[in-house]
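> test case, fold it:
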Amino acid sequence: MSKRKITILAVLLLVSFGPYYIYQNIIYKDARDINNEKSILTISAHNLENQYAQNSSQADSKYLNKTIEIEGIVTEVTDSSMVIDGKVFCKMNQTVKKNFTDKPINIKGRCIGFDDLFEIVKLDQCSIQQH
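A predicted model of the protein is given here:
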């Protein structure tokens, strides 16, 4: 093969597979599996909410988008969420049974910030660690 044909073939391969490579390795990334990640700390729901209430930006730098464990008493349960100590809202990975109300619990999840309107810390991708 001549150098010209090799160059044309290389350019065609680059044009054909370049966008696929960019999509797979740069744009599309696998979602985090919070359930299998190690949490950075375990904190009570009351202490976490206090830190956010005192200084939201400082608490964000410590907890935002990090895997943490929350300890407290379940105050509210729906089929897909729990509220711990009336301070932390947890969006669960799986359906939750109603029999957790008023019981101590430890939940692991990803902190997604503080809701100023409802004055509550929010976590998503939560799973029950112990109850």
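> give the contact list for the residue nearest to Ile40 when sequence neighbours are not counted.
Leaving out its chain neighbours, the residue that sits closest to Ile40 by C-beta to C-beta, 6 or more residues apart in numbering is Lys66, at 5.2 Å. In short, each C-beta sits where N, CA and C put it, glycine included. Counting by C-beta atoms under 8 Å, 6 or more residues apart in numbering, Lys66 touches Ile40, Arg110, Cys111.
> distance of the closest residue to Val88 other than its chain neighbours relative to Thr101?
Among residues not flanking Val88 along the chain, Ala45 sits closest, at 4.2 Å (C-beta to C-beta, 6+ apart). Distance from Ala45 to Thr101, counting by C-beta to C-beta, to the nearest Å: 15 Å.
> the two: which has the busier surroundings?
Of the pair Ala45 and Thr101, Ala45 is the one with more neighbours under other C-beta atoms under 10 Å, namely 26 against 13.
> mind listing what the more buried one touches?
Ala45 touches Ile70, Glu71, Gly72, Ile84, Asp85, Lys87, Val88, Val121, counting by C-beta under 8 Å, 6+ apart.
> show residues contacting stretch 111-125.
Counting by C-beta under 8 Å, 6+ apart, 32, 34-35, 45, 48-49, 52-53, 56, 59-60, 63-66, 68, 70, 83, 86-91, 93, 107, 109-110 sit against stretch 111-125.
> now that stretch: mean pLDDT?
Stretch 111-125 carries an average pLDDT of 93.
> now do stretch 11-19
70.
> mind listing what the residue nearest to the spatial centre of the chain touches?
In the chain, the centroid-proximal residue (C-alpha atoms, centre = their mean) is Arg110; its distance is 3.2 Å. For Arg110, the contacting residues are Arg32, Ile34, Asn65, Lys66, Thr67, Ile68, Leu123, Asp124, Gln125, by C-beta under 8 Å, 6+ apart.
> please redo it, this time with the cut-off set to 7 Å
Ile34, Asn65, Thr67, Leu123, Asp124, Gln125 (C-beta atoms under 7 Å, 6 or more residues apart in numbering).
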